[in-house]
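**Student:** this is a predicted model, with the sequence first.
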Amino acid sequence: MRALITGATGFVGRRLLTKLDQPAVVLSRNAAKAERTLAKFEVTAFDWDAENQPAPAEAFEGVDVIFHLAGEPVSEGRWTKAKKERLRESRVAGTRNLVQTITQLANKPRVLISASAVGYYGDRGDEILTEDASPREDFLGEICISWERESHAARLAGIRVVNPRIGIVLGEHGGAIGKMLTPFWLGLGSPLGSGKQYMPWIHIDDLVHQMLFAAERESISGPLNGTAPNPVTNLEFTKTLGKVLNRPTFLPAPPTFVLKAAIGEFANVLLQSQRAVPQRSLDAGFHFHYPDLEPALRQILAK
């Protein structure tokens with residue numbers, strides 16, 4: 001598999017590089033820096049200003065699968081007006097500019113794995129959300145709708161398109177766990193809000209293997225929930241992480257207004273409930289190594 005990756009220096013992109021059978025091509029805002037950062041993977045990097053220009057056509061020579069993971073981080077920094085614009089443009093314009101190039105290639109890639117997010121569904125309580133569930137037109141939902149729509153333009157050129165709607169990615173040395181550990185080690189772990197909201201988590205290795213599985217299976221196209229089969233509530237997650245760390249979790253949840261004062265509008269995302277399940281992956285025969293939370297956390301935290 002000759003792969004091209006955008007967002008390769010990110011948490012998921014780096015793990016994906018470890019699973020490929022040959023060096024990848026990488027598109028990055030700073031190609032020289034990306035090659036230094038990813039030197040052990042022997043990548044070939046090309047400069048690309050995703051929001052403002054088409055992707056460089058020369059980067060796609062011999063490429064048969066694209067993993068498009070690039071996007072402004074959702075959870076880093078307060079959601080100012082400028083931040084929200086970057087969240088949108090890095091995904092929507094970036095995908096548009098990528099697709100503009102690949103649809104014009106003489107030798108086109110066979111598949112585009114173009115990321116999306118469970119934010120597509122909005123706040124849905126305890127409703128079970130398969131890939132057929134409707135979107136919610138809140139801020140993240142509208143971004144996801146537009147993000148996926150831009151990728152679908154590649155279908156008109158005969159390119160198969162898959163959209164992993166990625167949940168909360170758990171893994172060592174980064175991701176959601178990296179942000180949670182300090183308060184738990186200090187014995188300050190507590191649920192957020194009511195604790196009843198569902199957290200659509202997934203182990204990073206399962207997510208990467210799911211994307212590779214989708215790349216190889218010609219029968220798979222459209223959305224795939226990038227989530228484990230067994231989502232848990234925030235309260236269940238809190239208790240399980242405390243158990244694995246052998247730390248107390250008896251503190252009451254901080255009031256919602258305190259959480260919003262501390263981190264701004266992003267607090268709304270943390271309090272949303274998405275009971276997303278990966279029905280299409282399961283139906284296609286994909287095997288999750290970490291379908292349940294406690295074994296996943298124990299594997300991650302043992303490293």
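**Tutor:** Yep, that arrived.

**Student:** contact partners for the most centrally placed residue in the chain?
**Tutor:** What sits nearest the mean C-alpha location of the chain, by Cα atoms, centre = their mean, is Ile166, with 4.0 Å. Ile166 makes contact with 12, 115-118, 202, 207, 226-227 under the criterion Cβ atoms under 8 Å, 6 or more residues apart in numbering. Backbone N, C-alpha and C define where each C-beta goes, glycine included.

**Student:** columns neighbour count and distance to Lys243 on top of the residues you listed, output as a markdown table?
**Tutor:** Written out in a markdown table, the entries for these read as follows (neighbours: other Cβ atoms under 10 Å; distance: Cβ to Cβ, whole Å):
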| residue | neighbour count | distance to Lys243 |
| --- | --- | --- |
| Val12 | 24 | 26 |
| Ala115 | 26 | 31 |
| Ser116 | 24 | 32 |
| Ala117 | 24 | 28 |
| Val118 | 27 | 25 |
| Ile202 | 30 | 20 |
| Leu207 | 25 | 24 |
| Gly226 | 28 | 25 |
| Thr227 | 30 | 22 |
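
**Student:** now do the contacts for the residue lying closest to the residue nearest to the centre of the chain once chain neighbours are set aside.
**Tutor:** Spatial nearest neighbour of Ile166, excluding adjacent residues (Cβ to Cβ, 6 or more residues apart in numbering): Gly226 at 3.9 Å. Counting by Cβ under 8 Å, 6+ apart, Gly226 touches 118, 164-167, 169, 202, 207, 210-211, 278.

**Student:** can you rerun that using 6 Å?
**Tutor:** 164-167, 202, 207 (Cβ atoms under 6 Å, 6 or more residues apart in numbering).

**Student:** okay, and which of these map to strands?
**Tutor:** Under the assignment DSSP state E, the contacts of Gly226 contribute 164-166, 202 to strands.

**Student:** tell me which two of those residues sit farthest apart.
**Tutor:** By the measure Cβ to Cβ, Arg165 and Ile202 form the most distant pair in the ones in strands among the contacts of Gly226, at 10.6 Å.

**Student:** His60: how many residues sit nearby?
**Tutor:** You called it His, but residue 60 is Phe. A count of nearby residues for Phe60, using other Cβ atoms under 10 Å, gives 23.

**Student:** quick check: it vs Trp79, distance?
**Tutor:** Using Cβ to Cβ, to the nearest Å, we find Phe60 at a distance of 34 Å from Trp79.
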